[in-house]
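K.L.:
next come a sequence and a model predicted from it.
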Amino acid sequence: GAGVSQTPSNKVTEKGKYVELRCDPISGHTALYWYRQSLGQGPEFLIYFQGTGAADDSGLPNDRFFAVRPEGSVSTLKIQRTERGDSAVYLCASSLGGATGELFFGEGSRLTVL
Amino acid sequence: AQKVTQAQTEISVVEKEDVTLDCVYETRDTTYYLFWYKQPPSGELVFLIRRNSFDEQNEISGRYSWNFQKSTSSFNFTITASQVVDSAVYFCALSEARRSYGQNFVFGPGTRLSVLP
């Protein structure tokens, strides 16, 4: 499809496990964002990529969270030693770049840590 | 620092009523962009509108209209003759143009709109 694709759509894991969430942005979009959305709240910024590099990772909550975008397209958000508080919907968005560009969002990956 | 406030957590209206969703923002920049997004029950955020800080003209698109007032740092969204399909969570967002590239868009907490038949 032409939109932002995120997999898996749902992930249930146990506390302490390692999780990877994948985002496939719209072709040609150089900017890619990860957000986290908890129930009843707005999206919370995690990290922003411009091309292959993380231009701003100030939103990552701690060093258990890491994201890569090795070829400037697909991105993977990695969470180590998951905790129950990591349970949320992880949203990926892409844009053509620049502060003016509208963000195109995927449907999100719902992570549940038991 | 950027901040977006949406004081209305939930609003319920009856179909065909008009409804206004409030958004107040904080920024130190003179150049910035404001957005509204809709999140229907399916979960995917959908872009509705973008305004830049130099354009205070109000905008109308069908049943939707937006009132941008720099003097009060507000960017309110009005739906005229609401319909059940308008039921969703609506987010206001702010992006500053300070950097060369796009940076973290800051979202408000959202307003859940329920339109009852």
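P.N.:
Perfect, thanks for sending it. Quick caveat: nothing in here was measured; it's all calculated off a predicted structure.
K.L.:
what's the neighbour count on residue 87?
P.N.:
Because you didn't say which chain, this covers chain A. Counted with other Cβ atoms under 10 Å in any protein chain shown, residues neighbouring A:Ser87 total 17. (Each C-beta comes from the backbone N, C-alpha and C, glycine too.)
K.L.:
I was after chain B.
P.N.:
Close neighbours of B:Ser87, defined as other Cβ under 10 Å, add up to 18.
K.L.:
and the pLDDT at the spatially closest residue to B:Asn58 that is not a sequence neighbour?
P.N.:
Leaving aside its chain neighbours, B:Asn58 sits nearest to B:Asn67 (5.3 Å; criterion: Cβ to Cβ, 6 or more residues apart in numbering or on different chains). B:Asn67 is assigned 93 on the pLDDT scale.
K.L.:
bridged to B:Asn67, which residues?
P.N.:
In this entry, B:Asn67 is beta-bridged to B:Asn76, by DSSP bridges.
K.L.:
against chain A, how distant is it?
P.N.:
20 Å (Cβ to the nearest Cβ, to the nearest Å).
K.L.:
ok, now which ones touch that residue?
P.N.:
By Cβ atoms under 8 Å, 6 or more residues apart in numbering or on different chains, the residues touching B:Asn67 are B:Asn58, B:Ser74, B:Phe75, B:Asn76, B:Phe77, B:Thr78.
K.L.:
buried subset of the residues you listed?
P.N.:
The neighbour-count criterion (16 or more other Cβ atoms under 10 Å in any protein chain shown) marks B:Ser74, B:Phe75, B:Asn76, B:Phe77, B:Thr78 among the contacts of B:Asn67 as buried.
K.L.:
now pLDDT too, for the residues you listed, in CSV please.
P.N.:
Shown next, in CSV, are the buried ones among the contacts of B:Asn67 (pLDDT from 0 to 100):
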residue, pLDDT
B:Ser74, 96
B:Phe75, 96
B:Asn76, 96
B:Phe77, 96
B:Thr78, 96
